[in-house]
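**Q** Quick one, what's the 3D model for this:
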Amino acid sequence: MARLESHQVELDLEPHRIREAIDRALHSGKKLLLAHPVTVSADGSLPLVRFDMELIVNVLLQFLENAAKYSAPGAPVRILAESNGKQIEVSIADRGPGIEEYEQALIFDKFYRGKDNRYSVQ
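**A** Numbers count the residues shown, from 1 in each chain. Coordinates of the predicted model:
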């Protein structure tokens, strides 16, 4: 966060297939996801997108880690990548408890932890 806020992050923007980033994140998180069946829907005809591969893999991995951490063993995790006009949209769905409506506006605040996880470190 300190690097981002001080504008010290240099992006390595190159054209990539989003499926490659998904596959790399799945490979990195395979031990965490062993207890979860994972399905990926990412059409091979999706266009190339300019992004920083390392950073996007890290973002995807964080979402996958959260899905594994907050879902019961055996609960499925689904990854969907699709074109939405000029953008590629990636969603990760799990069977965790979800985020209460009043907390949804807060989840992207720096260091925010949900009410049920404020005092636990995982």
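
**Q** Mind naming the longest helix for this structure?
**A** Using DSSP state H to define each element, the chain has its longest helix at helix 53-70.

**Q** contacting residues around that one?
**A** For helix 53-70, contacts defined as C-beta atoms under 8 Å, 6 or more residues apart in numbering pick out 9, 11-12, 14, 16, 18, 20-22, 24-26, 28-29, 32-33, 35-36, 77, 90, 92-94, 96-97, 122. For every residue, glycine as well, the C-beta is placed using N, CA and C.

**Q** Keep only those of those that are in strands.
**A** 14, 16, 77, 90, 92-93 (DSSP state E).

**Q** and the longest helix of the chain, how far from the chain's centre?
**A** Averaging C-alpha positions (C-alpha atoms, centre = their mean, to the nearest Å) puts helix 53-70 4 Å from its chain's average.

**Q** And for stretch 27-40?
**A** Here stretch 27-40 is found 13 Å from its chain centre; the criterion is C-alpha atoms, centre = their mean.

**Q** Tell me the span between the first and last residue of it.
**A** The first and last residues of stretch 27-40 sit 13 Å apart, counting by C-alpha to C-alpha, to the nearest Å.

**Q** What count of nearby residues applies to residue 79?
**A** Residue 79 has 22 neighbours, counted by other C-beta atoms under 10 Å.

**Q** What residues of the host helix or strand of it count as buried?
**A** Using DSSP states H and E, residue 79 sits in strand 77-84. For strand 77-84, burial by neighbour count (16 or more other C-beta atoms under 10 Å) applies to 77, 79, 81.

**Q** what bridges to the last one?
**A** With DSSP bridges as the criterion, residue 81 is bridged to residue 42, residue 90.

**Q** right, and it touches residue 45 too?
**A** No. With contact defined as C-beta atoms under 8 Å, residue 81 does not count as touching residue 45 (11.3 Å).

**Q** what's the strand holding residue 79 packed up against?
**A** Contact here means 3 or more C-beta pairs under 8 Å, 6 or more residues apart in numbering; DSSP states H and E; on that basis strand 77-84 packs against helix 18-28, strand 38-42, helix 53-70, strand 87-93.

**Q** Let me have those in JSON lines, adding mean pLDDT as columns.
**A** Compiled in JSON lines, the helices and strands packed on strand 77-84 are given as follows (pLDDT from 0 to 100):
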{"stretch": "helix 18-28", "mean pLDDT": "97"}
{"stretch": "strand 38-42", "mean pLDDT": "95"}
{"stretch": "helix 53-70", "mean pLDDT": "94"}
{"stretch": "strand 87-93", "mean pLDDT": "93"}
